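1. sequence and computational prediction follow.
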Amino acid sequence: MDITPFLPMITGAIGGAASAGVFKGPIQTLEDLWYSNFGYKAADKAAILKAKQEINIEKLRESTLANVEKIKPENIQEPKLSIIGPAIEASRFYIEEEELRNMFAKLIASSMDKEKNSIIHPSFVEVVKQLSSEDAIFLKEFQKYGRLPYGKITAVEEKKNTIEPKSNLDTAKNSGIFKSLEIPSLEDLEKEFATKSQPFVDFFYYSNDRREFGKNDFSISSLSRLGLITVKEGVRLTDSSAYTEIEKEFSLMKKQLEKEAPGKHIPEDFHLHLEKGVIDLSPFGSSFLGVCI
């Protein structure tokens with residue numbers, strides 16, 4: 001597969017800066033690592049067995065160069081080998097998925113941008129490798145809204161009061177005439193008011209662009225595990241309208257469950273309860289978003 005050298009492809013877009021040699025060194029490093037991983041001459045064609053793979057590699061290259069073109073000429077630097085090497089090596093296993101392919105392209109390009117030095121990190125390669133396309137798409141919600149509302153849905157037992165004050169004849173104090181109330185013990189009270197509950201949906205998020213809350217629940221768990229986001233219970237966004245879509249979908253969910261046979265999805269004598277919270281990007285996640293999304 002004869003791959004056109006990289007430098008001429010960006011010369012037209014940046015003109016004089018490229019001709020003056022600003023990009024020459026960094027682009028040459030990118031080319032060398034690229035060809036060592038994806039092949040260049042006929043002898044290396046065996047590394048790419050399918051035409052589909054060739055197309056995806058070309059898309060990755062085009063996306064990488066498109067992001068490189070956005071870098072100001074004065075901010076171009078030699079790419080960090082600790083990032084560009086592992087990123088190019090890993091990307092070959094993820095280039096079939098557009099979202100992940102684009103994330104690798106932006107990561108590779110960011111390693112050549114001085115402005116990204118303060119936020120880029122070698123561990124971002126491993127983070128991208130552990131993301132699904134759904135996770136990558138979910139992260140874009142933070143670009144649109146900043147902070148995200150979410151709900152935690154719990155199945156809670158319908159509690160009924162069963163303790164009744166007992167009356168005894170206190171002959172010592174009341175000379176057998178007056179009755180005194182026996183106060184329930186602390187242990188009895190704890191048993192009485194301890195509410196049984198079980199999780200139903202841990203991370204309930206719903207928006208116009210993300211309508212499958214099951215996938216959202218999974219992505220939030222994944223992104224939290226990777227340290228990209230923080231899930232905050234007991235905290236609410238000041239704009240209550242941010243929860244409107246979540247509340248509507250929660251109401252529909254309850255109505256749907258009421259049509260089902262009792263005990264099918266939640267135990268009998270249980271009801272669903274919605275607790276509202278907030279999802280924020282962590283500092284690590286904010287840097288990752290700035291580099292890869």
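-> Right, received. Where do you want to start?
2. look at the residue positioned nearest the centre of the chain and tell me its secondary structure.
-> Geometric centre of the chain, nearest residue: residue 223, 3.7 Å, by Cα atoms, centre = their mean. Secondary structure state of residue 223, per DSSP: H, G, I helix; E, B strand; the rest coil, is helix.
3. surely it meets residue 282?
-> No. Between residue 223 and residue 282 there is no contact under Cβ atoms under 8 Å: 9.4 Å. C-beta coordinates here come from the backbone N, C-alpha and C atoms, glycine included.
4. what do those two both touch?
-> residue 229 (Cβ atoms under 8 Å, 6 or more residues apart in numbering).
5. next secondary structure after whichever strand in the chain runs longest?
-> Ordering each strand of the chain by length in residues (DSSP state E) puts strand 270-281 first. Next in sequence after strand 270-281, counting helices and strands by DSSP states H and E, comes helix 283-292.
6. now do the helices in this protein.
-> Taking DSSP state H to define them, one finds helices in the chain at 6-14, 16-19, 24-38, 51-68, 81-91, 98-110, 124-129, 133-145, 171-174, 186-193, 213-225, 244-259, 283-292.
7. and the pLDDT at residue 2?
-> pLDDT for residue 2: 44.
8. tell me the pLDDT of the closest residue to residue 201 other than its chain neighbours.
-> Among residues not flanking residue 201 along the chain, residue 153 sits closest, at 4.2 Å (Cβ to Cβ, 6 or more residues apart in numbering). In this model, residue 153 is scored at 89, pLDDT.
9. for residue 265, see how far away the closest residue to the residue nearest to the centre of the chain other than its chain neighbours is.
-> Distances taken as Cβ to Cβ, 6+ apart put residue 229 closest to residue 223, at 4.7 Å, once the chain neighbours are dropped. The spacing between residue 229 and residue 265, counted by Cβ to Cβ, to the nearest Å, is 28 Å.
10. next: residue 216.
-> 19 Å.
11. show me which of those two is the more surrounded one.
-> residue 216 (22 against 14; other Cβ atoms under 10 Å).
12. ok, the residue lying closest to the more buried one once chain neighbours are set aside to residue 226 distance?
-> If you skip the residues right next to it in sequence, residue 216 has residue 205 as its closest partner in space, 4.3 Å away by Cβ to Cβ, 6+ apart. Distance of residue 205 to residue 226, given as Cβ to Cβ: 17 Å.
13. which one's more surrounded, those two?
-> residue 205 (22 against 18).
14. need the pLDDT of the more buried one.
-> So, for residue 205, pLDDT stands at 89.
15. does it touch residue 276 like I think?
-> No. Applying Cβ under 8 Å as the test, residue 205 and residue 276 come out as separate, 11.3 Å apart.
16. coming back round to it: tabulate the helices of the chain (a markdown table), appending distance to residue 271 and mean pLDDT.
-> As requested, the helices of the chain are arranged in a markdown table below (distance: least, Cβ to Cβ, whole Å; pLDDT from 0 to 100):
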| stretch | distance to residue 271 | mean pLDDT |
| --- | --- | --- |
| helix 6-14 | 60 | 59 |
| helix 16-19 | 65 | 53 |
| helix 24-38 | 56 | 76 |
| helix 51-68 | 49 | 86 |
| helix 81-91 | 47 | 92 |
| helix 98-110 | 38 | 95 |
| helix 124-129 | 39 | 96 |
| helix 133-145 | 29 | 94 |
| helix 171-174 | 44 | 49 |
| helix 186-193 | 17 | 52 |
| helix 213-225 | 19 | 92 |
| helix 244-259 | 8 | 87 |
| helix 283-292 | 35 | 97 |
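17. contacting residues for the residue nearest to residue 201?
-> 199-201, 204, 250, 253, 272-275.
18. can you tell me which of those residues lies closest to residue 289?
-> Closest approach to residue 289 among the contacts of residue 153 (Cβ to Cβ): residue 204, at 22.5 Å.
19. so the closest residue to that closest one other than its chain neighbours versus residue 256, what's the distance?
-> Sequence neighbours aside, residue 151 is the residue nearest to residue 204 in space, at 4.0 Å (criterion: Cβ to Cβ, 6+ apart). Relative to residue 256, residue 151 is positioned 16 Å away (Cβ to Cβ).
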